[in-house]
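*Asks:* For reference, the sequence and a predicted model appear below.
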Amino acid sequence: MNISAKRLEEIQNIPDEDIDTSDIPELDAHFWENVKLVQPITKQAISLRIDSDVLQWFKN
């Protein structure tokens, strides 16, 4: 998303009480009874030596 610095500042300066959250339902106890914790799959850094032409192919 492309947003200007000026617009971002305007949004950040909106007081909490001026934000309309009427269309967002409250999370009640029933919601929390059915939640399931899902751990994100973590990425692992590796080092791999490849020819420069192969690297160029992946970059394109």
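*Replies:* Sure, I can see it. Predicted model, so just to flag it, every value in this text is computed and none were measured.
*Asks:* so where's this structure shaky on pLDDT?
*Replies:* Counting by pLDDT under 70, the chain shows low-confidence ranges at 1.
*Asks:* Show which residue of it lies farthest from the average position.
*Replies:* Of all residues in the chain, residue 51 has its C-alpha farthest from the mean position, at 34.3 Å, by Cα atoms, centre = their mean.
*Asks:* Torsion angles phi and psi at that one?
*Replies:* phi -70, psi 150 (degrees, to the nearest 10).
*Asks:* Distance check, residue 53 against residue 46.
*Replies:* 20 Å (Cβ to Cβ, to the nearest Å). Where you see a C-beta, it was placed from the backbone N, CA and C, and this is true even at glycine.
*Asks:* Oh, that last question was meant for residue 3, not what I typed.
*Replies:* Applying Cβ to Cβ, the value for residue 3 to residue 46 is 35 Å.
*Asks:* Give me the more crowded residue out of those two.
*Replies:* Counted by other Cβ atoms under 10 Å, residue 3 and residue 46 do not tie: residue 3 has more neighbours, with 8 against 5.
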